[in-house]
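>>> structure here, sequence nowhere to be found:
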């Protein structure tokens, strides 16, 4: 097969979807999920919630405003969450919760749904199995007895 025909065959069968996306460039390197976003987002996220904590303590007249126990508790919760958000752990979930169309998972692109949707053929066995339901049973609770 010539190279041009091979490229045409790949495009016709959708094999161009399997190519990895090019890395982000420019400012998108800092806003795309990854280690560069971790460097600025984790401290920003954590300090924002520490500021909210101090603002609530100030508004409620709780002295001292910068008390160690509440600040430590908030810090130990929000800084790891900021890290997980920055590394991209919630990107898919944020798309889903905002109502936008979700992006396809790159790890699942190569698998076709028919590879797991069809059951494997069962080899004939010496024992006959009986089932207490039919394939179109409304309860879908089929118990096999041997």
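On my side now, so go ahead. None of these values were measured; they are calculated from a predicted model.
>>> where does this structure dip in pLDDT?
Residues of the chain meeting the criterion pLDDT under 70: 1-19, 105-146.
>>> who touches the lengthiest helix in it?
Ranked by residue count under DSSP state H, the longest helix found in the chain is helix 35-59. Applying C-beta atoms under 8 Å, 6 or more residues apart in numbering, the set of residues contacting helix 35-59 from outside is 29-31, 65-67, 70-71, 74-75, 78-79, 81-83, 85-88. From N, CA and C alone the C-beta is placed, and that goes for glycine too.
>>> right, and the helix or strand after that helix?
Helices and strands here follow DSSP states H and E; after helix 35-59, the next one along the chain is helix 68-87.
>>> show me the contact partners of that next one.
Contacts of helix 68-87 (C-beta under 8 Å, 6+ apart): 33-35, 37-38, 41-46, 49-50, 53-54, 57, 90.
>>> next helix or strand past that helix?
Sequence-wise, the next helix or strand downstream of helix 68-87 (DSSP H and E) is helix 91-98.
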